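Chemist: structure for the following, please:
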Amino acid sequence: MRVLKAVEGLTRYLVQARGQDSVRASSMGRRSTDRVEVGLVPTMGNLHRGHLSLIERARRENAVVVVSIFVNPLQFGPQEDLARYPHTPDQDLHLCEQAGVDAVFMPSPAAFYGTVDPQSSDLAQVVPPKAMMSVLCGPYRPGHFEGVATVVTKLLSLVAPDRAYFGYKDAQQLAILKRLAQDLNLPGQIVGCPTVREASGLALSSRNTYLSAAEQPQAAAIYRGLMAAQSRFKTGERHRTALVAAVHQELAQEPSLKPQYVELVHPETLQPLEQVETLGMIAVAAHLGTTRLIDNLLLRDRQPIVAIDGPAGAGKSTVARRVAQRLNLLYLDSGAMYRAVTWLALERGVDLHDEVAIAELVSDCDIHLAASGDDPAFAAFPSRIWLNGQEVTQLIRSTAVTEQVSLVSAQPTVRQTLLHQQQQYGVTGGVVMEGRDIGTQVFPQAELKIFLTASVAERARRRQRDLAAQQQPEVSLSDLELAIDERDRKDSSRLVSPLRKADDAIELITDGLSIDDVVEKTVQLFEERVEERG
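Modeler: This is a model prediction of the structure:
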């Protein structure tokens, strides 16, 4: 593990790290790709299990993990706790090394900002949208989010990570940073990660070290308040007044806890809500003694999402379509979306090898999917699809599109653009989708995640049966097994959309099971884990 204290050292380290060839990456037990992916975990030190959960996820998803440890002076107000903020560098470095971090960036203010005592008035700063800073913590911490936006913009510019990881506990910060990255086209994906809690429900925070032994259980009243709001929400309550009152009622049980605010906002825009229509977030800030604590809870009012991932040959496409029919949900046919882009490129005579031209084209593609319904004309299609207002359900099934779609679907810009469109269906839910990274990237919030798999031998036997049914030349089982094993390796190590099992996915091994068996098991899991829980 390298410990870097200068911007120049960090820059040079990253040049060398990105220069590692695939052989070296593979020898280190990491994903073998043509391009080394970098994950960034920004912290202010005093690391705890919450930080470690971010590092662990970064470790799983990237070849190189960089952790920054920097107490940013710009995000502390004059009366805030900069001077006494916990500082445990030796312990932090030990934890990073244990977690397999590749490099820790620990600059001084002078090294990072070019001055020993950085002041916001003397530096160029990044200013987030005022509407996003005018709610929740913003009015109580003037200058805070400008300081956060500035330090994170600098870190993203320096590291240019593929992914940067932040916890949902700081939900206002996360929403602002996502907007920042979008508006300024900053490098890397901003990844939100679940809040890690004590057994009492208290969200882990470096500031928890300020709490006395007596205050620790008192602080857990914040989580109990959030749970009270969630209970009201589950019974059908959607209005701000009742949900906020449920939190206040629980907080009042701890007289030492002084609420600063309890609000209902949209988790992405941070706009105040009078009632939850699709998504809402209850956010709380309270003082306990001299310690200021924050926490939040997401409230979803939408139809459920089912994400089905797995390797090639596991039967996930057929299963996903039939599960969608059984549950009366939309089968989100991502393959049809790629076909639509390919069809449009062919219609306009665009060179499919010209990734720049395809990137220009896909930015102008508005794709809409709907269930095929009972119309016999569309019974053969998993779903109906419209492109820029024109129905192309049948047009995209042409031989020309079939022969060329893999060329288009492999292009990163196409995948990223369609990913955004696919995620819009997650706002209202009611979809089933299958692929390689649906539960990890497309719909990490899915209520049910299935990882459908089978042994290589079983998938080879299935493939051999399919070839025979299609009257194709016979291929030996051993050759099919080698081909499937190689496909698995490539799918797991590909740069874009790699095959991954989500941490909370249920693995279904389908050896010896029919399609009917797998569909039935998936529907049963839905009924047990989604309908009963809802």
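Chemist: and the strands in the stretch 351-500 of the chain?
Modeler: Secondary structure of the stretch 351-500 of the chain (DSSP state E, counting those that start in this stretch): strands at 367-371, 383-387, 390-391, 431-435, 448-453.
Chemist: need those strands in JSON lines (columns: distance to residue 470 and mean neighbour count).
Modeler: Quick note: C-beta positions are derived from backbone N, CA and C, even for glycine. As requested, the strands of the stretch 351-500 of the chain are exported to JSON lines (distance: least, CB to CB, whole Å; neighbours: other CB atoms under 10 Å):
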{"stretch": "strand 367-371", "distance to residue 470": "28", "mean neighbour count": "18"}
{"stretch": "strand 383-387", "distance to residue 470": "24", "mean neighbour count": "20"}
{"stretch": "strand 390-391", "distance to residue 470": "29", "mean neighbour count": "12"}
{"stretch": "strand 431-435", "distance to residue 470": "22", "mean neighbour count": "26"}
{"stretch": "strand 448-453", "distance to residue 470": "22", "mean neighbour count": "24"}
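Chemist: want to throw these into CSV with distance to residue 489 and mean pLDDT?
Modeler: Written out in CSV, the entries for the strands of the stretch 351-500 of the chain read as follows (distance: least, CB to CB, whole Å; pLDDT from 0 to 100):
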stretch, distance to residue 489, mean pLDDT
strand 367-371, 31, 92
strand 383-387, 31, 93
strand 390-391, 39, 96
strand 431-435, 18, 93
strand 448-453, 15, 95
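Chemist: looking at those strands, which is closest to residue 192?
Modeler: strand 448-453 (16.6 Å; CB to CB).
Chemist: list the buried residues of stretch 470-487.
Modeler: Under the neighbour-count criterion of 16 or more other CB atoms under 10 Å, stretch 470-487 has 480, 481, 483, 484, 487 buried.
Chemist: in helices, which of the residues you listed fall?
Modeler: 480, 481, 483, 484, 487 (DSSP state H).
Chemist: my guess is the last one meets residue 311, correct?
Modeler: Going back to what we said before, that points to residue 487. Yes. The criterion here is CB atoms under 8 Å, and residue 487 meets it with residue 311 at 7.5 Å.
Chemist: which helix or strand lies directly C-terminal to the helix-or-strand element of the chain with minimal mean pLDDT?
Modeler: Lowest by mean pLDDT, DSSP states H and E among the helices and strands of the chain is helix 22-27, with a mean of 45. Sequence-wise, the next helix or strand downstream of helix 22-27 (DSSP states H and E) is strand 38-43.
Chemist: just the CA trace of the following helix or strand past that next one, in CSV.
Modeler: Counting by DSSP H and E, the next helix or strand C-terminal to strand 38-43 is helix 49-61. Extracted in CSV, the C-alpha atoms of helix 49-61 (Å, rounded to 0.1, in the frame of the first residue of the first chain):
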residue,chain,number,x,y,z
ARG,A,49,-17.2,0.1,9.7
GLY,A,50,-19.2,2.5,7.6
HIS,A,51,-16.0,3.6,5.7
LEU,A,52,-14.8,0.0,5.5
SER,A,53,-18.1,-1.0,3.8
LEU,A,54,-17.4,1.6,1.1
ILE,A,55,-13.8,0.3,0.7
GLU,A,56,-15.0,-3.3,0.5
ARG,A,57,-17.4,-2.5,-2.3
ALA,A,58,-14.7,-0.5,-4.1
ARG,A,59,-12.4,-3.5,-3.7
ARG,A,60,-14.9,-5.8,-5.3
GLU,A,61,-15.6,-3.5,-8.3
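Chemist: check which helices and strands helix 49-61 is in contact with.
Modeler: strand 38-43, strand 64-69, helix 89-98, strand 163-167, strand 189-193 (3 or more CB pairs under 8 Å, 6 or more residues apart in numbering; DSSP states H and E).
Chemist: ok, back up a step: as JSON lines, the buried residues of stretch 470-487 with distance to residue 110 would be great.
Modeler: What follows is the buried residues of stretch 470-487, written out as JSON lines (distance: CB to CB, whole Å):
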{"residue": "480", "distance to residue 110": "62"}
{"residue": "481", "distance to residue 110": "59"}
{"residue": "483", "distance to residue 110": "57"}
{"residue": "484", "distance to residue 110": "56"}
{"residue": "487", "distance to residue 110": "52"}
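Chemist: any idea which of those is closest to residue 73?
Modeler: residue 487 (51.2 Å).
Chemist: ok, the closest one - contacts?
Modeler: Residue 487 is in contact with 311, 312, counting by CB atoms under 8 Å, 6 or more residues apart in numbering.
Chemist: roughly how far does it sit from residue 12?
Modeler: 38 Å (CB to CB, to the nearest Å).
Chemist: which parts of the stretch 101-250 of the chain are helices?
Modeler: 109-113, 130-133, 144-159, 171-184, 215-219, 221-234, 240-251 (DSSP state H, counting those that start in this stretch).
Chemist: can you give me the buried ones in the shortest one?
Modeler: Of the residues in helix 130-133, those scored as buried under the neighbour-count criterion (16+ other CB under 10 Å) are 132, 133.
Chemist: how far does that helix sit from its chain's centre?
Modeler: 23 Å (CA atoms, centre = their mean, to the nearest Å).
Chemist: do the same with the third one
Modeler: Once both centres are worked out by CA atoms, centre = their mean, helix 144-159 turns out to sit 20 Å from its chain's centre.
Chemist: circling back: can you flag the weakest of the helices and strands packed on helix 49-61 by average pLDDT?
Modeler: Comparing mean pLDDT over the helices and strands packed on helix 49-61, the weakest stretch is strand 189-193, at a mean of 92.
Chemist: quick check: residue 257 vs residue 156, distance?
Modeler: With CB to CB as the criterion, residue 257 and residue 156 are 36 Å apart.
Chemist: which SS class is residue 85?
Modeler: coil (DSSP: H, G, I helix; E, B strand; the rest coil).
Chemist: and if you look at residue 287?
Modeler: strand.
Chemist: nearest spatial neighbour of it, skipping sequence neighbours?
Modeler: Nearest residue to residue 287, sequence neighbours excluded (CB to CB, 6 or more residues apart in numbering): residue 258, at 4.6 Å.
Chemist: how far is the helix or strand containing that neighbour from where the chain is centred?
Modeler: Here residue 258, judged by DSSP H and E, is contained in strand 257-265. Centre-to-centre, strand 257-265 and its host chain are 27 Å apart (CA atoms, centre = their mean).
Chemist: kindly report the same for stretch 313-320.
Modeler: That offset, for stretch 313-320, works out to 24 Å (CA atoms, centre = their mean).
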